[in-house]
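Participant: sharing a sequence plus its predicted fold:
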Amino acid sequence: MTKRRIAIVLFNLGGPDRPESVRPFLVNLFTDPAILRVPSFVRPWLGRIIAWRRTRPAMENYAILGGRSPLLELTEEQGRSLDAALADDPGVEVRSFVCMRYWHPMSDAAARAVKDWAPDEILLLPLYPQYSTTTTGSSVAAWDEARRKAGLSVPTTTLCCWHSDGGFAEATAALVRDAYAKARAELPAGTPLRILFSAHGLPESIVTAGDPYQWQVERSVAAVVERLDIEGLDHTVCYQSRVTPQKWIGPSTEEELERAAYDKVALLVCPIAFVSEHSETLVELDVEYREVAEKLGVPGYFRVPAQNSDPAFIGALAALVRGALGSGRALCSFAGGRQCPKQHGDCPHARLAADDRRARVKEVA
Ligand SMILES: C=CC1=C(C)c2cc3[nH]c(cc4nc(cc5[nH]c(cc1n2)c(C)c5CCC(=O)O)C(CCC(=O)O)=C4C)c(C)c3C=C
Ligand SMILES: [Fe+2]
Ligand SMILES: [Fe+2]
């Protein structure tokens with residue numbers, strides 16, 4: 001029996017592979033219309049200026065990691081683990097391809113590699129659990145352009161988001177449970193412990209324009225907390241990595257460090273929007289925020305590791321792949337495996353999130 005060949009395209013952001021790549025990587029990022037929302041005649045100039053200004057702090061961060069981001073290796077390993085998890089599935093032959101948005105391998109190279117492999121079907125799988133126009137939306141748009149250029153026309157399913165997926169929530173809860181127990185064992189008896197679910201921030205204007213990301217982050221946290229099932233658990237959601245002067249969604253992770261110092265509670269920080277280690281976990285959370293927490297006198301600072309190729313997490317991805325195969329449509333795991341009838345950014349869940357956000361903005365005003 002011939003097997004159906006399935007290409008899984010793993011989307012992630014990408015990161016510089018050496019110090020000289022930092023500036024062009026940042027130029028790619030800040031000239032993306034999904035990131036810099038200004039008229040198109042201004043964007044190439046303004047994007048380059050912002051990238052120029054961001055280069056030095058970014059280089060300092062990557063220097064701590066040996067001058068490069070570990071994201072590509074970790075994503076490739078996730079791909080190999082996913083292929084291994086699906087290797088014995090009957091009737092299909094699966095191969096993962098990494099497709100980064102702002103540094104190599106980017107969409108053009110990924111589309112060519114997929115075409116050379118000649119799949120019967122393609123599954124676009126963002127390694128972002130929550131949908132944002134700035135991440136998954138941008139990657140899907142870049143992929144679509146690249147696959148057209150490559151002359152690749154194969155039935156394609158897009159998994160738009162999997163923020164509340166049970167397998168993802170359970171795998172994440174298991175990592176949190178383990179780190180929580182270790183933190184408790186290290187802390188003096190009676191020291192209160194709070195979990196900070198720290199997600200990448202977004203400019204507030206992007207969220208009020210209807211981006212469902214913040215709403216989906218809150219759904220992810222609720223799904224993990226439900227599975228943790230710890231009585232009276234002290235936890236909160238906060239947002240890190242602000243890099244532009246506009247107002248970003250909050251509370252910021254820095255504000256939460258201050259509140260923890262004031263409340264005299266130790267912190268366990270859990271990245272909730274990244275499923276791999278990279279500069280924003282290894283430098284921002286592990287070095288910068290730890291230093292701030294120590295200076296502020298927070299009585300303890302611990303971190304939950306990112307999922308990387310954790311077997312339970314890879315198992316959850318494999319289950320998502322099995323559920324999505326063969327639909328040939330845009331899917332949203334939040335719809336319980338049913339397809340989103342509209343474009344990814346316009347799915348009913350995105351609208352639901354936007355309505356919810358507007359209601360909250362009105363409440364505050
Ligand atoms: C306006 C700027 C940015 C928005 C909006 C944004 C959204 C966003 N990003 C991630 C995940 C990652 N971001 C990474 C790096 C990175 N992101 C920005 C800016 C925005 N991101 C910059 C300038 C950088 C470069 C690093 C730096 O200068 O500090 C990375 C990769 C990091 C690595 O190790 O290579 C990831 C992953 C999410 C999930 C998100 C919104 C939902
Ligand atoms: Fe980012
Ligand atoms: Fe949806």
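Facilitator: Thanks, I have the structure now. Ligands and ions are numbered 1, 2, ... in the order given.
Participant: how about the strands in the chain?
Facilitator: Using DSSP state E, the strands of the chain run over residues 4-12, 92-100, 121-126, 156-159, 193-200, 234-240, 266-271, 301-303, 330-331.
Participant: which stretch among these comes nearest ligand 1?
Facilitator: Nearest to ligand 1, of all the strands of the chain, is strand 193-200, at 3.7 Å by C-beta to the nearest ligand atom. Bear in mind the C-beta positions are built from the backbone N, C-alpha and C, glycine included.
Participant: against which helices or strands is that closest one packed?
Facilitator: helix 166-186, helix 213-228, strand 234-240, helix 253-263, strand 266-271 (3 or more C-beta pairs under 8 Å, 6 or more residues apart in numbering; DSSP states H and E).
Participant: do that strand and ligand 1 come into contact?
Facilitator: Yes - judged by C-beta under 6 Å from any ligand atom, strand 193-200 comes into contact with ligand 1 through H200.
Participant: residues in contact with the closest residue to ligand 1 within the stretch 251-365 of the chain?
Facilitator: The nearest approach of the stretch 251-365 of the chain to ligand 1 comes at H278, 3.0 Å away (C-beta to the nearest ligand atom). Applying C-beta atoms under 8 Å, 6 or more residues apart in numbering to H278 gives the contacts 15, 69-71, 74.
Participant: pLDDT weak spots in the stretch 251-365 of the chain?
Facilitator: Residue ranges of the stretch 251-365 of the chain with pLDDT under 70: 326-365.
Participant: ignore the last one, the stretch 101-250 of the chain
Facilitator: Short version for the stretch 101-250 of the chain, where the test is pLDDT under 70: none.
Participant: okay, now the closest residue to ligand 3 within it: neighbour count?
Facilitator: Residue nearest to ligand 3 within the stretch 101-250 of the chain: C160 (5.8 Å; C-beta to the ion). Here the number of neighbours of C160 (other C-beta atoms under 10 Å) works out to 28.
Participant: what distance do you get for it to ligand 1?
Facilitator: Using C-beta to the nearest ligand atom, to the nearest Å, C160 is found at 13 Å from ligand 1.
Participant: what parts of this protein come near ligand 1?
Facilitator: Residues of the chain lying near ligand 1 (C-beta under 6 Å from any ligand atom): 13, 15, 26, 29, 35, 54, 58, 61, 69, 71, 128, 132, 134-135, 200, 202, 213, 243-244, 273-274, 278-280.
Participant: go again using 5 Å as the cut-off
Facilitator: Neighbours of ligand 1 within the chain, by C-beta under 5 Å from any ligand atom: 13, 15, 35, 58, 69, 71, 132, 134-135, 200, 243-244, 273, 278-279.
Participant: which one of the residues you listed has the most neighbours?
Facilitator: Result: S69 is most packed of these (other C-beta under 10 Å), 29 neighbours.
Participant: how far away is it from P16?
Facilitator: 6 Å (C-beta to C-beta, to the nearest Å).
Participant: overlap in contacts, these two.
Facilitator: 62, 103.
Participant: can you report how many residues lie near P90?
Facilitator: For P90, using other C-beta under 10 Å, the count is 6.
Participant: quick one, what contacts it?
Facilitator: So P90 contacts nothing (C-beta under 8 Å, 6+ apart).
Participant: next, it: phi, psi?
Facilitator: Backbone torsions of P90, given as degrees, to the nearest 10, read phi -70, psi 140.
Participant: surely A312 and D178 touch.
Facilitator: No - in this structure A312 lies outside contact range of D178 using C-beta atoms under 8 Å: 11.1 Å.
Participant: the two: who's more crowded?
Facilitator: Neighbours per residue (other C-beta under 10 Å) separate A312 from D178, with A312 holding more: 15 against 12.
Participant: and the chain, what are its domains?
Facilitator: Split into domains by automatic domain parsing, the chain comes to 4-163+311-355, 168-303.
Participant: and the shortest one, how far apart are its ends?
Facilitator: End-to-end span of domain 168-303 (C-alpha to C-alpha, to the nearest Å): 18 Å.
Participant: likewise for stretch 153-168?
Facilitator: The first and final residues of stretch 153-168 sit 31 Å from each other (C-alpha to C-alpha).
Participant: same question, stretch 271-282
Facilitator: Taking C-alpha to C-alpha, stretch 271-282 runs 11 Å from one end to the other.
Participant: cool, stretch 93-110 as well?
Facilitator: Stretch 93-110 has an end-to-end distance of 18 Å (criterion: C-alpha to C-alpha).
Participant: cool, and stretch 162-169?
Facilitator: 10 Å.
Participant: buried ones in that stretch, by neighbour count?
Facilitator: Using 16 or more other C-beta atoms under 10 Å as the test for burial, stretch 162-169 gives 162-165, 167-169.
Participant: of those, which pair is most distant in space?
Facilitator: H163 and G167 (12.3 Å; C-beta to C-beta).
Participant: spatially nearest residue to E77 (excluding sequence neighbours)?
Facilitator: S309 (5.0 Å; C-beta to C-beta, 6 or more residues apart in numbering).
Participant: so who does the residue of the chain at minimum distance from ligand 1 touch?
Facilitator: Closest residue of the chain to ligand 1, C-beta to the nearest ligand atom: G15 (2.2 Å). Residues in contact with G15 (C-beta under 8 Å, 6+ apart) are 25, 62, 68-72, 103, 278-279.
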